[in-house]
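Q: here is my input, please return the structure:
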Amino acid sequence: MKAIVNTVYGSPDVLSLREVEKPIPKDNEVLIKIHSSTVNRTDCGFRKPEYFIVRLFSGIFKPKNTILGNELVGEVEAIGKNVSKFKTGDAIFGLSTWKFGTHAEYICMAETASIATKPTNMTFDEATAVCDGMMLAMNMIRQIDFSSPKKILINGATGSIGTACVQLAKFYGAEITAVGNTKNLELIKSLGADSVKDYTQEDFTKTSDRFDFVLDAVGKSSFFRCKKILKRKGVYISTELGFLSQNIFLAIFSPLFGGKRVKFPIPTDSQKDILLFKEIIESGKYKAIIDRTYPFDQFLEATRYVESGEKTGNVVLKIVD
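A: Next up is the predicted model:
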């Protein structure tokens, strides 16, 4: 089978399209013929780790997982003898968060992995462009108690995580202020933002509004910059470690003072999550945001575009035409 492989860390140029051995499913696994995947920040962050802590998971000197890609949609081609949840021909979507491997024509996954049958109201390409953003966004959204009204600011509301944050926060009933660029203001309004701020025209940290939560979906701000727009016991959550990995330390020590604080939840995923995402999608309360779609052999162009920081929502890598 064909797969995009990198055996060393580095720029997009370390990636190459190669023939590799097609996997064979174990007794508890399904073999999925992948129709499409995505190229996202997670792929780029593991291909060229900016934080040493990433190498503790991916390999100190070289990558342990030489095929990246963590989102997929495809079709079950074969099943192991003990598999009961899926059958041959099922359309599948989901995540391979820690093992990666979806930038390939085939992957084997346990039937208990973070996969489920594809939402009936999405195309294959749409279904591949939801789970990573939803998982990372839900990681932040779950820190919020929606039993009382919440006022939330979302920075970076136009990326895959940000567009997911807006939609999930609206699903759970929040009042949302979303920060994005000029060209995407109407998009983020359509996703549920009650008000929008154009970061090219104003500094959102100078607003007179106050928020229960600031969700930094791009990790480009900081607790210290956002502290003044948080309410007395407001919370800042970022998708990034921050300067000198400060968000980890602030998450430990800021709650000790009883006021404004940082949370830094570690992302996790599960089949239960994928089934929840499917339920939300099929309720009509969530849609995939796709910026560009690239054929499999244009993986370098796709990767470079993602790293430009200009994408809106998701970049799909189409493996089956």
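
Q: helices of the protein, residue ranges please.
A: 41-47, 52-58, 124-128, 131-141, 160-171, 185-190, 223-226, 246-253, 271-282, 299-307 (DSSP state H).

Q: where among these is average confidence lowest?
A: Looking at the helices of the chain, the lowest mean pLDDT belongs to helix 52-58 (a mean of 88).

Q: list the buried residues for that helix?
A: Buried positions in helix 52-58, judged by neighbour count with 16 or more other Cβ atoms under 10 Å: 55, 58. C-beta coordinates here come from the backbone N, C-alpha and C atoms, glycine included.

Q: show me the domain layout of the protein.
A: 2-132+268-318, 143-263 (automatic domain parsing).

Q: re the thing from before, dump the helices of the chain into a markdown table; add distance to residue 32 as well.
A: What follows is these, written out as a markdown table (distance: least, Cβ to Cβ, whole Å):
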| stretch | distance to residue 32 |
| --- | --- |
| helix 41-47 | 18 |
| helix 52-58 | 23 |
| helix 124-128 | 12 |
| helix 131-141 | 14 |
| helix 160-171 | 21 |
| helix 185-190 | 31 |
| helix 223-226 | 40 |
| helix 246-253 | 35 |
| helix 271-282 | 14 |
| helix 299-307 | 19 |
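
Q: how close does the residue of the chain most remote from its centre get to residue 25?
A: Distance from the C-alpha centroid of the chain peaks at residue 81, with 32.3 Å (Cα atoms, centre = their mean). According to Cβ to Cβ, to the nearest Å, residue 81 and residue 25 sit 9 Å apart.

Q: can you check residue 228 too?
A: Distance from residue 228 to residue 25, by Cβ to Cβ: 54 Å.

Q: gap between residue 298 and residue 317?
A: 8 Å.

Q: how near is residue 141 to residue 122?
A: As judged by Cβ to Cβ, residue 141 and residue 122 stand 21 Å apart.

Q: ok, now residue 39?
A: According to Cβ to Cβ, residue 39 and residue 122 sit 19 Å apart.

Q: who has more neighbours, these two?
A: Taking other Cβ atoms under 10 Å, residue 39 and residue 122 do not tie; residue 39 has more neighbours (29 against 21).

Q: number of nearby residues for the nearest residue to residue 128 once chain neighbours are set aside?
A: Spatial nearest neighbour of residue 128, excluding adjacent residues (Cβ to Cβ, 6 or more residues apart in numbering): residue 73 at 3.9 Å. Residues near residue 73, counting by other Cβ under 10 Å, number 31.

Q: bridging residues for residue 73?
A: Going by DSSP bridges, residue 73 is paired in beta bridges with residue 36, residue 93.

Q: surely it touches residue 33?
A: No - if you go by Cβ atoms under 8 Å, residue 73 and residue 33 don't touch, sitting 10.4 Å apart.

Q: name all residues that make contact with residue 30.
A: 76, 78, 79, 80, 83, 86, 92, 108, 109, 110, 111, 115 (Cβ atoms under 8 Å, 6 or more residues apart in numbering).

Q: got a winner among these for most neighbours?
A: Using other Cβ under 10 Å as the neighbour test, the contacts of residue 30 are led by residue 115, with 28 neighbours.

Q: now stretch 90-99: buried residues?
A: Buried residues in stretch 90-99 (16+ other Cβ under 10 Å): 90, 91, 92, 93, 94, 95, 96, 97.

Q: export only the CA atoms of it, formatted as PDB.
A: This file holds the C-alpha atoms of stretch 90-99, laid out as PDB (Å, rounded to 0.1, in the frame of the first residue of the first chain):
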ATOM      1  CA  ASP A  90     -19.300  -0.400   7.200                       C
ATOM      2  CA  ALA A  91     -18.400   3.300   6.600                       C
ATOM      3  CA  ILE A  92     -16.200   4.300   9.500                       C
ATOM      4  CA  PHE A  93     -14.900   7.700  10.900                       C
ATOM      5  CA  GLY A  94     -12.800   8.500  13.800                       C
ATOM      6  CA  LEU A  95      -9.300   9.100  15.300                       C
ATOM      7  CA  SER A  96      -6.000   7.400  15.700                       C
ATOM      8  CA  THR A  97      -4.700  10.000  18.100                       C
ATOM      9  CA  TRP A  98      -1.500   8.400  19.600                       C
ATOM     10  CA  LYS A  99      -0.600   5.800  17.000                       C
END
